[in-house]
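K.L.:
What follows is a predicted structure for the sequence shown.
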Amino acid sequence: MPRNAAAVNQFLQRVIKLIRCAQLLEIPILVTEQNPGKLGGTNDQVAGVLGDAPRYGKMEFGCLENADVHEAVKQQGRKQLLIVGMEGHICIMQTVLRALEEGYETYVVADCIMSRDAEECRAGLARMDKAGATLVTSEMAIFEVLKGAGTDDFRRLLPLLKG
C-alpha cells in the first residue's frame, strides 16, 4: 500500500510470483490497463512475465464495465476470480463489487493490491471485505490451489515458492 520504493518492489515481486504460478498451473490470466495511452501500460517487470496473456485497454474503472473484458471473463467459464492490481480503492474495488453482484467467488489478493494512497487502499479493501469478497494473500492463494505437497504441481512450483 505505501508508495516507497521498497514497498513497490515487494508488491511487484509478489505479483510476478503469482503470475508465474498461475502460468505453471495453467490458470487463465487477463490483464487490463486503465487508459494506457495517457497513463502508460503495464509495469515493464510485470509485462515481461505475462507472455501472451490477453491485454485490454479500458476507460471504465471497473473491469467488468468494459464489454470486451466482461465477455473475456465470461468466456473463461470460471466462477472464481483472483484479483490483483493497482488502485485498490477505485478499479479493483469497482471490479470486485460488480463480480460479486454477478455471483463470482471473488478473491482479492491483498498483498498484491496497491493504491497511490495507503489509507484509500485500506478503505477499499475494507469495503470489498464487507461486501463479501474473500481477502487472501499471495501465498494463501498459491497454497490453496496446490492443496498439498507431493504433487506434480507442487514440485513444478517449488523453485518459485522457495525464491
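P.N.:
Good, I have the coordinates.
K.L.:
Can you tell me the element Tyr107 falls in?
P.N.:
strand 105-114 (DSSP states H and E).
K.L.:
mean confidence for that strand?
P.N.:
For strand 105-114, mean pLDDT rounds to 98.
K.L.:
which parts of it are buried?
P.N.:
106-114 (16 or more other Cβ atoms under 10 Å). For the C-beta atoms, the positions are set from N, CA and C on the backbone; glycine is no exception.
K.L.:
Over to stretch 75-85?
P.N.:
81-85.
K.L.:
Same question for stretch 137-151.
P.N.:
138, 141-143, 146.
K.L.:
Max pairwise distance over these: which two?
P.N.:
Ser138 and Leu146 (12.7 Å; Cβ to Cβ).
K.L.:
just checking, next helix/strand downstream of the top helix by length along the chain?
P.N.:
Counting residues, the longest helix found in the chain (DSSP state H) is helix 5-24. Using DSSP H and E, the next helix or strand after helix 5-24 towards the C-terminus is strand 31-34.
K.L.:
Show me what that next one pairs with in its sheet, parallel or antiparallel.
P.N.:
strand 55-58 (parallel) (DSSP bridges).
K.L.:
three-state assignment of Asp129?
P.N.:
When classified by DSSP: H, G, I helix; E, B strand; the rest coil, Asp129 comes out as helix.
K.L.:
So for it, what's the nearest residue that isn't a sequence neighbour?
P.N.:
Spatial nearest neighbour of Asp129, excluding adjacent residues (Cβ to Cβ, 6 or more residues apart in numbering): Leu135 at 5.3 Å.
K.L.:
Show the contacting residues for the closest residue in space to Lys58 that isn't next to it in sequence.
P.N.:
Among residues not flanking Lys58 along the chain, Asn66 sits closest, at 4.3 Å (Cβ to Cβ, 6+ apart). The neighbours of Asn66, taking Cβ atoms under 8 Å, 6 or more residues apart in numbering as the test, are 32, 56, 58-60.
K.L.:
Low-confidence stretches in this structure?
P.N.:
The chain contains residues with pLDDT under 70 at 1-3.
K.L.:
Centre-most residue in it?
P.N.:
What sits nearest the mean C-alpha location of the chain, by Cα atoms, centre = their mean, is Val84, with 1.9 Å.
K.L.:
ok, back up a step: please identify the helix or strand for the residue nearest to Asp129.
P.N.:
Element membership for Leu135, per DSSP H and E: strand 134-136.
K.L.:
follow-up on the earlier one: quick check: the farthest pair among the buried residues of strand 105-114?
P.N.:
Thr106 and Met114 (18.1 Å).
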